[in-house]
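In: Next input, structure requested:
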Amino acid sequence: MSVTNYKATSISSKIQEISLRHHIIFWSLYFIFNTFRWGSYFDDYLYSLKTNLIGFPIHMTLSYLNVYVFMPNFIFKKKYLTYIILLVLSLFTMLLVKFNLTYYLVSENVWPEGTEVISKLTLNYSIDMMIGELYVITFVTAIKITMDWLKEHKRVTDLEKTQLETELLFLRTQISPHFFFNTLNNIYSLSLENSKKTPKIILKLSELMRYFLYETKKSKQTLEKEIISIQNYLDLERIRFDNNLEVNMTISGDISNKKIAPMLLLSFIENAFKHGANKNIGKTKIDIDFLIKDDFLYFTISNPIPTTTTQKQHEEKTTGGIGLENVKKRLALGYQKKEYNLNIEQKNNLFIVALKIKLK
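Out: Take a look at the predicted model:
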């Protein structure tokens, strides 16, 4: 997924993203509802139709004026007094227009639902009409703000997802250069010795490179392919260390149709060789165990701690170097807390990593 630049837009421009069709449907349904509502109240549907034909253009004008002009230019700029003054003036103007249109086009009794028959502006009539318009304005504005919030929430969610995917991709790419650098150094050393192992190690490396380049782009990869990549990695290390390395790998449970974050477990393998086999003199034993149970993978790897390790180096390994910190970040970004548990400890002169992780 590519990261695209996002330019913030005001709420007034966002509402334009709603199509004209949505506006027409909303006001049409509102008009029909209001016509039948007041028609039933007055028991005069023709009168209700006429008054709504006058009232709804006024409703729409005030609502859009508030949405497009007043709020963006005054509320959002904290010019509250100006906003209130303009809103009151617009309501008063609406009042005059509605009164005269109703009086001359519909009925001289402009307020049949009122307590008395009136044919001129009164305080009670004015307050009632203005409150009614405020109700419509508030209703429409609330819908607009809710839709804008949903759009903004989706934008932020998409942006966070993009950032998450970018960071996860970056963390994954940190593994490959480190591994390839070490392996190429090994190939160089073998080539100087004219070793017969050179073609085999190049072939294994090409298989790993193919996997890293073409099969780790998704957020999840099959556990089978991950284990195969680990086996290829171990084959490379066996060629390098020859008889000085003993690796015991056991797999228990069904690994088919199970998925895990790509190249996640390989970091633990790399760490075991970096701080175990590379620094040991003599034969090194590394134990790797895969146990699949109840949709969880119980992964354990242990390697010996070199006797020459200083206290400072030991503390760095126990807390986790760059590789293990990378894994911790990837776990935190790619999984929920309840979906994994990582334990790193030193026991009986062994460095032990135990990971319980949910398989998708």
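In: Hmm, residue 287 is touching residue 272, no?
Out: No: in this structure, residue 287 is not within contact of residue 272 by Cβ atoms under 8 Å, at 9.4 Å. Any C-beta I mention is one placed from the backbone N, CA and C, and that applies to glycine too.
In: shared neighbours of these two, anything?
Out: Here residue 287 and residue 272 share the contacting residues 301, 302, scored by Cβ atoms under 8 Å, 6 or more residues apart in numbering.
In: These two: who's more crowded?
Out: More crowded of residue 287 and residue 272, by other Cβ atoms under 10 Å: residue 272, with 25 against 16.
In: On the three-state scheme, the more buried one is what?
Out: helix (DSSP: H, G, I helix; E, B strand; the rest coil).
In: Not counting sequence-adjacent ones, nearest residue to it?
Out: Leaving aside its chain neighbours, residue 272 sits nearest to residue 303 (4.0 Å; criterion: Cβ to Cβ, 6 or more residues apart in numbering).
In: Adjacent strands (with direction) for the host helix or strand of the one you found?
Out: Residue 303 belongs to strand 296-304 when assigned by DSSP states H and E. Under the criterion DSSP bridges, strand 296-304 sits next to strand 284-293 (antiparallel), strand 350-358 (antiparallel) in its sheet.
In: what's the average pLDDT for the longest one?
Out: Just to be clear, that refers to strand 284-293. Average pLDDT, strand 284-293: 91.
In: Might you quantify the distance of that strand from its chain's geometric centre?
Out: 34 Å (Cα atoms, centre = their mean, to the nearest Å).
In: In PDB, could you pull the C-alpha coordinates for it?
Out: Extracted in PDB, the C-alpha atoms of strand 284-293 (Å, rounded to 0.1, in the frame of the first residue of the first chain):
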ATOM      1  CA  THR A 284      27.100 -25.400  19.700                       C
ATOM      2  CA  LYS A 285      23.700 -26.900  20.300                       C
ATOM      3  CA  ILE A 286      20.500 -25.000  19.400                       C
ATOM      4  CA  ASP A 287      17.100 -26.400  20.200                       C
ATOM      5  CA  ILE A 288      14.000 -25.200  18.300                       C
ATOM      6  CA  ASP A 289      10.500 -26.400  19.100                       C
ATOM      7  CA  PHE A 290       7.200 -25.800  17.300                       C
ATOM      8  CA  LEU A 291       4.000 -26.800  19.100                       C
ATOM      9  CA  ILE A 292       0.600 -26.100  17.500                       C
ATOM     10  CA  LYS A 293      -2.300 -26.400  19.900                       C
END
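In: Provide the contact partners of it at residue level.
Out: 223, 227, 230, 241, 244-255, 258, 269, 272-273, 276-277, 297-304, 359.
In: One more pass at 6 Å, please.
Out: The set of residues external to strand 284-293 that reach it, using Cβ atoms under 6 Å, 6 or more residues apart in numbering, is 245-255, 272, 277, 298-303.
In: what's the answer for the last one, then?
Out: By Cβ under 6 Å, 6+ apart, the surrounding residues in contact with strand 350-358 are 268, 296-305, 339-345.
In: Just the buried ones from those?
Out: 268, 296-305, 340, 342, 344 (16 or more other Cβ atoms under 10 Å).
In: Out of those, which comes closest to residue 113?
Out: Proximity of the buried ones among the contacts of strand 350-358 to residue 113 (Cβ to Cβ) peaks at residue 340, which lies at 64.8 Å.
In: Run through the stretch 101-250 of the chain and note the low-pLDDT ranges.
Out: Applying pLDDT under 70 to the stretch 101-250 of the chain picks out residues 115-116, 162-179, 182.
In: And the helices in it?
Out: In the stretch 101-250 of the chain, the segments counted as helices under DSSP state H, counting those that start in this stretch are 123-173, 175-192, 198-214, 223-241.
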